[in-house]
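**Q** Give me the fold of what follows.
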Amino acid sequence: MIYKGPWMAERYSSLKTFFDTHPDEIFQVTYRAISGSDRFSAADAFAAQHRLADLKRIIEPIWDEVDAIVTPTVPRAYTIAEVLENPVELNNNLGYYTNFVNLLDLCAIAIPAEVGEAGLPFSITLAAPAWNEDGLCSLATEFSSIGAKESHPS
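**A** Next comes the predicted model:
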């Protein structure tokens, strides 16, 4: 919803003057992503806000059962060469498990794990309702210490 919906128009509105007068000074990937926002109408923005409200209502009861959710931070790590070849789509892919955090007003923390067999990093993300950063940091510390013990047994 962030990159393929009307929230890109919000980004444009905050940068409008600079965006319109200095397009050559904006990183081209960012420019391409934001420049497409003019295809959204006010009706699109309201429809997206209503859909987001529906999703918030669906997820809200989950927090009565769990303290945090755990996801991979990214579905797959890409090499720099891969990202340079297809920056918009791959950056969108990188947020598959985490972009919802902002829209649903959650807090999150990424916990690095280790480098995989292909030489690319792996990490997990813990997410919880807003204002639960202290709890997430405690959980992250526990996960990190478990990983450290497994990587370096005494």
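**Q** Break this structure into its domains for me.
**A** 1-63, 66-154 (automatic domain parsing).
**Q** Now render those domains as JSON lines, adding mean pLDDT.
**A** Output for these, formatted as JSON lines (pLDDT from 0 to 100):
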{"stretch": "domain 1-63", "mean pLDDT": "90"}
{"stretch": "domain 66-154", "mean pLDDT": "85"}
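**Q** what number of residues lie near the spatially closest residue to residue 29 that is not a sequence neighbour?
**A** The shortest distance from residue 29 to any non-neighbouring residue, by Cβ to Cβ, 6 or more residues apart in numbering, is to residue 87 (4.3 Å). (C-beta placed from N, C-alpha, C; glycine too.) Using other Cβ atoms under 10 Å, residue 87 has 17 neighbouring residues.
**Q** May I ask you to confirm that residue 87 is in contact with residue 31?
**A** No: Residue 87 is beyond contact range of residue 31, at 11.2 Å (criterion: Cβ atoms under 8 Å).
**Q** From residue 93, how far out is the residue nearest to residue 29?
**A** Distance from residue 87 to residue 93, counting by Cβ to Cβ, to the nearest Å: 11 Å.
**Q** repeat for residue 122
**A** 15 Å.
**Q** can you pull the contacts of the residue most central in space within the chain?
**A** Residue closest to the average C-alpha location in the chain (Cα atoms, centre = their mean): residue 99, at 2.9 Å. By Cβ atoms under 8 Å, 6 or more residues apart in numbering, the contact set of residue 99 is 1-3.
**Q** can you pull out the helices in the chain?
**A** 7-21, 28-35, 42-59, 80-85, 87-94, 99-103, 133-151 (DSSP state H).
**Q** Could you tell me how many residues sit around residue 46?
**A** Using other Cβ under 10 Å: residue 46 sits among 11 other residues.
**Q** what's the spacing between it and residue 109?
**A** 32 Å.
**Q** Verify the stated contact: residue 59 with residue 101.
**A** No: judged on Cβ under 8 Å, residue 59 makes no contact with residue 101 at a distance of 11.2 Å.
**Q** how close does the residue nearest to residue 7 when sequence neighbours are not counted get to residue 48?
**A** Among residues not flanking residue 7 along the chain, residue 1 sits closest, at 6.6 Å (Cβ to Cβ, 6+ apart). Residue 1 is 6 Å from residue 48, where distance means Cβ to Cβ.
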